[in-house]
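Engineer: Requesting a structural model of the entry that follows:
(one chain, ligands or ions: 1)
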Amino acid sequence: MKYFFTGAFLILVLLISFFGYKQNVVDVSSLPYDDEQNGLSDQIIIHFSHVVAENTPKGLAAIKFAELVKEKTNGRVIVQVYPNGILYNDKNEMEALQNNDIQMIAPTFSKMTSYLPTWQILDLPFIIETDKQLQDVLTGPLKGQLLAELDELNIKGLDFWSNGFKQIASNDFPVQDVEDFQSLRVRVMASDLISKQFSLLGSTPIITTFDDVYYEIEKKNIQAQENTISNLYSKGFHKYEKYITLSNHGIMGYAVMMNESFWNDLDDELQQHILDALQEMSDWQFEMSIAMNKSGQQELRALPNVFLSPLSAAQKSAWKERVTPIYDTYKNEVSDSYYKLLIEEVNRSN
Ligand code: LMR
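Structural biologist: Next up, the predicted model:
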């Protein structure tokens with residue numbers, strides 16, 4: 001009898017649960033309407049991968065771009081941003097882009113030079129020296145010509161973003177005089193022209209992907225690197241590289257690029273929205289990058305064991321003199337016309 005009542009009770013509980021559940025799954029009319037699901041099947045997702053932190057000029061620009069594209073396309077195009085190399089790093093992001101495994105990347109100009117040597121033009125030191133010159137060059141005719149070259153790689157070049165000027169960060173002593181470069185193991189991005197500059201200075205250039213730099217510093221395989229303040233600060237390199245020489249010797253910027261077939265499959269209206277988003281954020285991007293490098297400098301100055309020092313005019317000219325052959329290398333071996341165009345644009349900007 002006891003078993004009969006227990007069994008009947010259990011069956012009753014099961015029946016109540018089943019009908020309650022059925023009521024919920026079948027009676028969808030009682031569910032609130034979720035407009036986020038609207039048109040979900042028409043949505044186009046752009047996966048945008050990059051290697052730096054979110055709180056950097058490139059990281060923030062990618063987020064802003066995603067917001068603007070969503071707004072302009074009424075949510076039809078969604079840009080999903082993957083920072084910090086969580087998807088791809090310097091070595092494999094180009095291949096991933098060309099295979100359409102991701103649709104957008106924004107590598108530095110320097111990292112494009114192994115595909116397109118002409119792009120070394122933006123690795124030439126001591127030519128662009130002010131924020132205005134930098135913005136004028138990165139938004140002028142040279143930009144159009146360089147971006148057009150991406151067609152041969154089946155890549156759609158969309159825009160240039162800036163990360164300002166490069167400085168020298170070092171572990172053991174401040175790099176001030178040109179002699180300080182002698183025998184120094186310096187991490188560089190993969191660009192022949194940058195490697196040559198450090199060889200001319202007597203250093204040993206060591207090409208390292210951005211995601212490996214911290215490890216290589218920790219292991220003392222590299223003793224110095226050139227980078228922007230925002231990259232140095234956001235990655236915490238100053239834990240080891242305590243000396244930062246404010247040299248502004250070169251510039252760093254990014255080519256914002258999309259897989260070409262993916263781009264071609266977008267209708268004209270969506271393409272225009274993407275171009276409008278980039279155009280709309282262009283001035284903001286330059287200003288934000290200046291502000292971030294400035295605030296990063298203040299943050300670093302406030303740290304007890306980090307030492308920032310400017311370069312004197314004499315130190316700068318000694319450095320410049322030592323790397324002078326690099327200009328002829330570019331003009332004679334790569335492109336005289338790009339060199340002339342750069343100089344013209346810088347002069348016009350003054
Ligand atoms: C670097 O490798 O140092 C930079 O290119 C990282 C970046 O993308 O800003």
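Engineer: What residues does the stretch 1-150 of the chain have near the ligand?
Structural biologist: 51-52, 58, 108 (C-beta under 6 Å from any ligand atom). Every residue, glycine included, has its C-beta placed from N, CA and C.
Engineer: what's the spacing between the residue of the stretch 51-200 of the chain found nearest the ligand and residue 131?
Structural biologist: Residue nearest to the ligand within the stretch 51-200 of the chain: residue 108 (3.9 Å; C-beta to the nearest ligand atom). Going from residue 108 to residue 131 by C-beta to C-beta, to the nearest Å gives 18 Å.
Engineer: out of the residues of the stretch 1-150 of the chain next to the ligand, which are inside strands?
Structural biologist: Using DSSP state E, no member of those falls within strands.
Engineer: And these, which of them are buried?
Structural biologist: 51-52, 58, 108 (16 or more other C-beta atoms under 10 Å).
Engineer: Ramachandran angles for the closest residue to residue 91 other than its chain neighbours?
Structural biologist: With sequence-adjacent residues excluded and distances taken as C-beta to C-beta, 6 or more residues apart in numbering, residue 91 is closest to residue 209, at 5.6 Å. The phi and psi values for residue 209, taken as degrees, to the nearest 10, are phi -70, psi 150.
Engineer: Show me where the chain has its helices.
Structural biologist: 2-26, 57-72, 93-98, 109-112, 131-139, 141-148, 192-200, 213-218, 229-234, 260-265, 268-301, 313-323, 325-333, 336-349 (DSSP state H).
Engineer: For these, state which one has the densest average packing.
Structural biologist: Using mean count of other C-beta atoms under 10 Å, the stretch among those with the greatest mean number of neighbours is helix 229-234 (a mean of 25).
Engineer: how about the CA coordinates for it, as CSV?
Structural biologist: Output of helix 229-234 as CSV, limited to C-alpha atoms (Å, rounded to 0.1, in the frame of the first residue of the first chain):
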residue,chain,number,x,y,z
ILE,A,229,54.6,54.6,-25.9
SER,A,230,51.0,53.2,-26.0
ASN,A,231,52.3,49.8,-27.0
LEU,A,232,55.1,49.9,-24.4
TYR,A,233,52.7,50.9,-21.7
SER,A,234,49.8,48.7,-22.5
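Engineer: what comes into contact with that helix?
Structural biologist: Residues outside helix 229-234 that contact it (C-beta atoms under 8 Å, 6 or more residues apart in numbering) are 52-53, 55-57, 59, 163-164, 167, 169, 210, 237-238, 241, 244, 252, 289, 292-293, 296-297, 299-300.
Engineer: same question, stretch 339-350
Structural biologist: 121, 124, 127-128, 130, 132-133, 136-137, 140-142, 145, 327, 330-331.
Engineer: cool, and stretch 255-270?
Structural biologist: For stretch 255-270, contacts defined as C-beta under 8 Å, 6+ apart pick out 44, 46, 65, 73, 76-77, 97-98, 100, 102-109, 112, 146-147, 150-151, 154-161, 271, 274, 278.
Engineer: now it: how far from the chain's centre is it?
Structural biologist: Put simply, stretch 255-270 sits 19 Å off its chain's centre (C-alpha atoms, centre = their mean, to the nearest Å).
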